[in-house]
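J.: from the sequence below, what's the structure:
(chains A and B, ligands or ions: 2)
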Amino acid sequence: MDTTNGHTVKPYLQSKIHPLKFALWVGIGSILMVFASLTSAYVVRQASGNWIEFVMPKAFYISTALIILSSVLLHLSYLAFKREEERPYKNYLLGAGILGVGFLIFQYQGWLTMMEYGLPLRTNASGDFTYILSWLHAGHVLGGLLAIAISILVAFSIPFKVTASRKLRLELVLTYWHFVDILWIYLLLFFILQ
Amino acid sequence: MAHVADKSKEQSRTDYLIEEYGYDDHFHEHDHGDKYKSGFINHYIFSQDHKMIAKQFLITGMIWAIIAAFMSIIFRMQLGFPETSMAWVKPLLGKWITLNDEGFGVLSPDFYYALVTIHGTILVFFVLTAGLSGTFSNLLIPLQVGARDMASPFMNMLSYWFFFMAGLVMFISLFVGTGPFSGGWVAYPPLSALPEASMGSGVGMTLWLVSLTLFVVSVLLGGINYITTVLNLRTKGMGMWRMPLTIWAFFLTAIIGLLSFPVVVSGFLLLMADRILGTSFYLNEIFVGGHALEYAGGSPILYQHLFWFLGHPEVYIIILPSMGLVSEVLSVHSRKPIFGYKAMVFSMMAIGFLSFIVWAHHMFMSGINPFIANFFVVFTLIIAVPSAVKVFNWITTIFRGSIRYNSASMFAVGFVSMFISGGLTGIYLGNSTIDIQMHDTYFVVAHFHIVMGVAAFFGMFAGIYHWFPKMYGRFMNETLGKIHFWGTMIGAYCIFWPMHYLGIAGVPRRYYSFDVFQTFAHFSTMNKFITVAAILTFFVQILFVVNFFRSIWKGRKVTERNPWKANTLEWTTPIHAGHGNWPGKLPTVQRWAYDYYNNEDGTDFNPQIEPLKEGEADIH
Ligand code: HEM
Ligand SMILES: [Cu+2]
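T.: Ligands and ions are numbered 1, 2, ... in the order given. Sure, this is the predicted structure:
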């Protein structure tokens, strides 16, 4: 809305929140519906029997720790950015990206462990649901990582400067990244408790 | 001469009000007119202007509507005149028509099913969702709330192109060797899950899934924008309770879409897993040709739940925008405030909410627990209440109004008629005990075509006739419009009314031929009648298409900004508004959208930019 041709047109806004941020929240709402419906399907399917119980692979706990840490680092990076501290901003950002990749590596480990359990795909719906849900989540993480990668690229290639539009973009990435983080925690708790 | 003076007086009044009270966002200082001024490609193809995107949605939707309607003519020929040769469509359908020695052409049953399936898919999703919501949400949301464009014009453009790609993939699926998917628009497993289940279940179904997934992306991108724009970019003074009902309708539709479309994506995801990875989410022990397949423990009913959790809200995604358009059109053309504005909004909210807890009324015959069915019966019947409130309010709105009989208002009244007729049969179907007899018969076909298919089309037509001057700066031809209305109104009732009788007698839907059923033999005349009516109605629609395209270039020119003397903001923009909609300041809103009553100076309307008069109360 506001940056075409490099000019800034100030739209009249009904609320304080930036429209794009609001749009992100709406989008998050609809992603949540996908996971809510799949976990409901899981519950329904489980209730009808023929369901193998298994212990969550250790790797999933490690990956959880990594993604939480990654979220924290990204947040620190954002705070540093706002305080105009260039070095910590860049370092934390890089760290968040690396930990995000680490998350995916350990997810992969987790899937391998499930295979070793004798639960490759098509053995039982309990495994299948776990695969599908965690794959779908991994896909969303991949999207977040892409956004972080672009942020890193921008951070290291463009001279450091705090501008409204850069701050906004960082906030969008941050919100989304926290969201996939919390989404994974929800999924893991769901798998353990269900 | 006096007339001309009046016009310019009115225009200068609009200009004065915008200049005096408008919100200055420094639009013109930066841009000198069309700030997004751009070449042909960016203007007509990869446009980010919501008005152009609206036209893209509309015209794409129209092309799909013609294709889908033509499909219905072919399968209606099969149903009405099975003894007549179909050799004439052989040039078009090729191998799907087989000729015998005497040159008698027979439509292949496989292709019959494909036609029915794709007809439904196209109309429900491409025409009545994208073509309707996509067109009018795009056109009207920024214009009527007083915004320069959508919150993210770029995402908005993507939304159209995802829709376009969805259409492309579906179009390609019509030409693959084994034909497009043929298991019904609801795509129930196992027909949709086992590639070997039927001809269309292989490549055809894969393409169907790809197409619909792209389509959902389009809906979500659009919906996010609509919601954000309505909530954040309303101009100064445009409180929620001052919004025209069109905006309320698009807004609620978008919310329903964002909550329900993701769920069908989940359903499709598991379906893809079953198809590609060989999982058993929807498949149980299945024997094909005496051999057991490797599936175990899945349930096709799970798919039905996921599908109808979208499927039912989807029918309201289709009808709510039409309701909004009709409310606006009826009020403007009967020169009266809409009756029960808040009741209209609350009933739309109620419908939206209830639409999420009635989905299993499509599954009464799937073996669900009758006690659970009762729950769904109750909520289904409760939907009739807000629906009735709306009908009552439309009728009271036009009651004793000074109605202008033009194509737009007639289609709006036609909408109300159709919605009543089809809504009443919904109440029959909503009773699970009656549904045991009616389910999957022509009664259901009659119900949903009247209440959804025809009614939503009527709302869309009303909208097109009414906002055509805004879109193209010209009017559509009124005489053709009226012929179009009467032809469609009478034609549609002739097509769908008799289907109720077929359905009550138990004639099942989705059958290729009834030759072997003695009980249904005496319906063959009725089937012929329906087919003839369908063909005639089809030709009446061609009239509309001709009128539409002719009027774009040859229609009577609009000479004043506000030809209908309406209150809403879109009529304060220049006749041919550039990207950004208002050349100078943004108009601000001083009153609600429905102040139609006689003023002292002889006018009978008060635009939203007109400040309240001395002593006049703000209604909302
Ligand atoms: C008074 C409100 C309504 C009630 C009580 C109602 C009830 C029902 C019921 C119970 C069925 C299932 C019939 C069966 O398959 O055996 C049904 C089918 C259907 N209804 Fe309605 N309905 C209502 C309004 C609407 C509206 C407003 C729309 C669309 C705008 C709509 C669209 C449909 C469609 C598309 C189907 C059939 C889907 C299919 O099987 O292919 N209905 N309705
Ligand atoms: Cu329904």
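J.: do stretch B:304-320 and chain A meet?
T.: Yes: judged by C-beta under 8 Å from any C-beta of the partner chain, stretch B:304-320 comes into contact with chain A at B:His305, B:Leu306, B:Phe309. For glycine as for every other residue, the C-beta is placed from the backbone atoms N, C-alpha and C.
J.: per-residue pLDDT, B:Ala534?
T.: B:Ala534 is assigned 98 on the pLDDT scale.
J.: closest one of the residues of stretch B:304-320 next to chain A to B:Ala151?
T.: B:Phe309 (27.6 Å; C-beta to C-beta).
J.: so which helix or strand takes in the closest one?
T.: If you go by DSSP states H and E, B:Phe309 is part of helix B:300-333.
J.: is ligand 1 contacted by that helix?
T.: Yes: in terms of C-beta under 6 Å from any ligand atom, part of helix B:300-333 sits within range of ligand 1, namely B:Val315, B:Ile318, B:Ile319.
J.: mark which of these are buried, thanks.
T.: With burial judged by 16 or more other C-beta atoms under 10 Å in any protein chain shown, the buried subset of the residues of helix B:300-333 next to ligand 1 is B:Val315, B:Ile318, B:Ile319.
J.: hang on, the earlier thing: roughly how far is the helix holding B:Phe309 from the heart of the chain?
T.: The chain centroid and the centroid of helix B:300-333 are separated by 8 Å under C-alpha atoms, centre = their mean, to the nearest Å.
J.: the helix or strand that B:Leu424 is a member of to helix B:300-333, inter-axis angle?
T.: Assessed by DSSP H and E, B:Leu424 sits inside helix B:407-429. If you take axes from the mean of the first three to the mean of the last three C-alpha atoms, to 10 degrees, helix B:407-429 sits at 140 degrees to helix B:300-333.
J.: would helix B:407-429 count as contacting ligand 1?
T.: Yes: using C-beta under 6 Å from any ligand atom, helix B:407-429 reaches ligand 1 at B:Gly423, B:Gly426, B:Ile427, B:Leu429.
J.: how about CSV for those, with pLDDT and neighbour count added?
T.: Below are the residues of helix B:407-429 next to ligand 1 laid out as CSV (pLDDT from 0 to 100; neighbours: other C-beta atoms under 10 Å in any protein chain shown):
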residue, pLDDT, neighbour count
B:Gly423, 96, 20
B:Gly426, 96, 21
B:Ile427, 96, 15
B:Leu429, 97, 20
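J.: residue 155: neighbour count?
T.: Using chain A. For A:Ala155, the number of neighbouring residues by other C-beta atoms under 10 Å in any protein chain shown comes to 19.
J.: the chain in question should be chain B.
T.: Counted with other C-beta under 10 Å, the neighbours of B:Met155 add up to 19.
J.: next one, pLDDT for the closest residue to it other than its chain neighbours please.
T.: The shortest distance from B:Met155 to any non-neighbouring residue, by C-beta to C-beta, 6 or more residues apart in numbering or on different chains, is to B:Leu221 (5.0 Å). pLDDT, B:Leu221: 97.
J.: A:Met1 too?
T.: Listed pLDDT for A:Met1 reads 42.
J.: of the residues of stretch B:304-320 next to chain A, buried ones?
T.: Buried among those (16+ other C-beta under 10 Å): B:His305, B:Leu306, B:Phe309.
J.: which of those residues sits closest to A:Val26?
T.: B:Phe309 (19.3 Å).
J.: helix or strand: which one has the nearest residue to B:Trp248 once chain neighbours are set aside?
T.: Once flanking residues are discounted, B:Trp248 sits nearest to B:Val345: 5.2 Å by C-beta to C-beta, 6+ apart. Counting by DSSP H and E, the element that carries B:Val345 is helix B:341-354.
J.: so for the helix or strand following that helix, mean pLDDT?
T.: Later in the chain than helix B:341-354, the nearest helix or strand by DSSP H and E is helix B:370-398. The predicted model assigns helix B:370-398 a mean pLDDT of 96.
J.: packing partners of helix B:370-398?
T.: With contacts taken as 3 or more C-beta pairs under 8 Å, 6 or more residues apart in numbering or on different chains; DSSP states H and E, helix B:370-398 sits against helix B:300-333, helix B:341-354, helix B:407-429, helix B:432-438.
J.: hmm, B:Ser492 is touching B:Leu536, no?
T.: Quick fix: residue B:492 is Ala, not Ser. No: taking contacts as C-beta atoms under 8 Å, B:Ala492 lies outside contact range of B:Leu536: 10.8 Å.
J.: the residue of the stretch 301-450 of chain B found nearest ligand 1 and B:Phe419: what is the separation?
T.: Residue nearest to ligand 1 within the stretch 301-450 of chain B: B:Gly426 (2.6 Å; C-beta to the nearest ligand atom). Going from B:Gly426 to B:Phe419 by C-beta to C-beta, to the nearest Å gives 10 Å.
J.: what is in contact with those two at once?
T.: Common neighbours of B:Gly426 and B:Phe419 are listed as B:Val451 (criterion: C-beta atoms under 8 Å, 6 or more residues apart in numbering or on different chains).
J.: related to what we said a few turns ago, could the buried ones among the residues of helix B:300-333 next to ligand 1 be laid out in TSV, adding pLDDT and distance to B:Leu270?
T.: Compiled in TSV, those are given as follows (pLDDT from 0 to 100; distance: C-beta to C-beta, whole Å):
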residue	pLDDT	distance to B:Leu270
B:Val315	96	23
B:Ile318	97	25
B:Ile319	97	28
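J.: kindly reformat those as JSON lines containing distance to B:Ala54.
T.: Formatted as JSON lines, those follow (distance: C-beta to C-beta, whole Å):
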{"residue": "B:Val315", "distance to B:Ala54": "23"}
{"residue": "B:Ile318", "distance to B:Ala54": "17"}
{"residue": "B:Ile319", "distance to B:Ala54": "20"}
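J.: closest to B:Val169 out of those residues?
T.: For these, the nearest to B:Val169 is B:Ile318 (21.6 Å; C-beta to C-beta).
J.: ok, back up a step: buried residues in the helix holding B:Val345, which are they?
T.: Buried-residue list, helix B:341-354, by 16+ other C-beta under 10 Å: B:Tyr341, B:Met344, B:Val345, B:Ser347, B:Met348, B:Ala350, B:Ile351, B:Gly352, B:Leu354.
J.: surely the second one is in contact with B:Phe392?
T.: Yep, that's B:Met344 we're talking about. No: using C-beta under 8 Å, B:Met344 makes no contact with B:Phe392, being 10.3 Å away.
J.: hmm, B:Asp604 is touching B:Lys565, no?
T.: Yes: assessed by C-beta under 8 Å, B:Asp604 is found in contact with B:Lys565 at 7.3 Å.
J.: ok, the two, which is more surrounded?
T.: Between B:Asp604 and B:Lys565, B:Lys565 has the larger neighbour count (other C-beta under 10 Å), namely 17 against 13.
J.: the more buried one sits in which helix or strand?
T.: Using DSSP H and E, B:Lys565 falls outside every helix and strand.
J.: and the pLDDT at the nearest residue to it once chain neighbours are set aside?
T.: Distances taken as C-beta to C-beta, 6+ apart place B:Phe605 nearest to B:Lys565, at 5.1 Å, with adjacent residues excluded. You'll see B:Phe605 listed with a pLDDT of 93.
J.: check contacts around B:Phe605.
T.: By C-beta under 8 Å, 6+ apart, the contact set of B:Phe605 is B:Arg335, B:Lys565, B:Ala566, B:Asn567, B:Asp595, B:Tyr596.
J.: which among these end up buried?
T.: Among these, the ones that count as buried by 16+ other C-beta under 10 Å are B:Arg335, B:Lys565, B:Ala566, B:Asn567, B:Asp595, B:Tyr596.
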